[in-house]
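# from the sequence below, what's the structure:
(one chain, ligands or ions: 2)
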Amino acid sequence: MIIAIDGPAASGKGTLGKRLAHHYGYRHLDTGVIYRAVAKALLDAGADLTDEARAVAVAMELDPEKFGNPALKTQMVGEAASVVSAIPRVREALVNFQRQFAADPPGAVLDGRDIGTVICPNADVKIFVIADPKVRARRRTLEARARGEEADEALVLADILKRDERDQNRAIAPLKAAPDAYLLDNSHLDIEGGVRAAIDIVEAVRAGRQRV
Ligand SMILES: Nc1ncnc2c1ncn2[C@@H]1O[C@H](COP(=O)(O)OP(=O)(O)O)[C@@H](O)[C@H]1O
Ligand SMILES: Nc1ccn([C@@H]2O[C@H](COP(=O)(O)OP(=O)(O)O)[C@@H](O)[C@H]2O)c(=O)n1
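Ligands and ions are numbered 1, 2, ... in the order given. A predicted model of the protein is given here:
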């Protein structure tokens with residue numbers, strides 16, 4: 001089974017993806033880290049984020065072993081990721097890796113922006129996670145502070161809104177819910193509540209299929 005989770009910045013996709021994968025014994029891929037890794041490599045090299053040839057070359061040489069690097073999680077890298085991810089050839093260079101990850105047994109949970117629409121349009125279950133922007137900003141701020149970073153909630157909110165706007169309006173693979181995605185509003189749920197709601201969605205889809 002393939003579970004696709006999409007949604008805006010800091011909506012809780014990664015948390016749900018990880019927990020769902022654990023629940024079902026599947027593998028989990030946070031696809032945001034892939035774009036973050038491309039962005040960080042360009043930033044580290046002092047390269048222009050819009051240098052298409054260079055960005056594509058970096059995307060083709062990514063080392064998945066390094067996707068766990070905590071330095072990928074910063075706000076600056078997230079913002080840069082949103083710029084490089086709008087380059088069509090960068091996205092194309094990363095499609096096969098993601099689809100292969102999704103296809104490998106025993107099953108997979110992928111979270112990102114275009115999983116249900118572009119990467120895995122035939123996913124068994126698609127969930128589009130949303131949460132009030134202020135709630136997302138609060139949670140992301142607490143997360144950054146827990147890592148020991150300084151974070152101003154108003155600036156975090158501005159970053160989230162700017163990234164959502166860019167991700168929704170780009171020409172290729174924009175952030176949007178697939179027509180057959182289930183909406184999960186995480187604003188007023190704690191993590192356990194969100195996980196239960198997501199499992200309920202998966203189980204409802206499975207039960208519906210068995211009836212057919
Ligand atoms: N339902 C929730 N209640 C409280 N905090 C949450 C909830 N879901 C996620 N979080 C926290 O919000 C932050 C963003 O969640 P994350 O899963 O990283 O989002 P995304 O992958 O969409 O960017 C994390 O610090 C996470 O622990
Ligand atoms: N499938 C994906 C995942 C991320 N991205 C881009 O990568 C950026 C960082 O993604 P992320 O999922 O790590 O961001 P957060 O929601 O964790 O803040 C996003 O703002 C998108 O521009 C994308 O274009 N497609």
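# nearest residue to residue 42 in space, please, no chain neighbours.
Among residues not flanking residue 42 along the chain, residue 49 sits closest, at 5.6 Å (CB to CB, 6 or more residues apart in numbering). The way it works is simple: take the backbone N, C-alpha and C, and place the C-beta from them, glycine included.
# I'd say the one you found and residue 84 touch.
Yes: contact status for residue 49 versus residue 84: in contact at 5.5 Å, counting by CB atoms under 8 Å.
# still on that earlier bit, run a quick neighbour tally on the residue nearest to residue 42.
Per other CB atoms under 10 Å, the neighbour tally for residue 49 reads 18.
# would the helix or strand harbouring residue 41 count as contacting ligand 1?
Element membership for residue 41 (DSSP states H and E) is helix 32-44. No: applying CB under 6 Å from any ligand atom, one finds helix 32-44 separated from ligand 1 by no less than 6.5 Å.
# what does that helix rub up against?
Contacts to helix 32-44, defined as CB atoms under 8 Å, 6 or more residues apart in numbering, come from residues 13-14, 48-49, 51, 54-55, 58-59, 62, 66-69, 71-73, 76-78, 80-85, 90, 94, 97-98, 111-113.
# now the residue nearest to the spatial centre of the chain: phi and psi?
Nearest to the geometric centre of the chain sits residue 112, at 2.5 Å (CA atoms, centre = their mean). Per-residue torsions, residue 112: phi 180, psi -130 (degrees, to the nearest 10).
# right, and it touches residue 11 too?
No: with contact defined as CB under 8 Å, residue 112 does not reach residue 11; the gap is 11.4 Å.
# circling back to that earlier point, tell me the buried residues within the contacts of helix 32-44.
Buried members of the contacts of helix 32-44, counted by 16 or more other CB atoms under 10 Å: 13-14, 49, 54-55, 58-59, 62, 67, 72-73, 77-78, 80-85, 90, 94, 97-98, 111-113.
# which ones among those residues map onto strands?
111, 112 (DSSP state E).
# near ligand 1 too, which of the buried ones among the contacts of helix 32-44?
Answer for the buried ones among the contacts of helix 32-44 near ligand 1 (CB under 6 Å from any ligand atom): 13, 14.
# sorry, back to before: buried sites along the helix holding residue 41?
So helix 32-44, judged by 16+ other CB under 10 Å, has buried residues 32, 33, 34, 35, 36, 37, 38, 39, 40, 41, 42, 43.
# what's the average pLDDT for that helix?
Averaging pLDDT along helix 32-44 gives 98.
# report whether that helix contacts ligand 2.
Yes: applying CB under 6 Å from any ligand atom, one finds helix 32-44 in contact with ligand 2 at 32, 35, 36.
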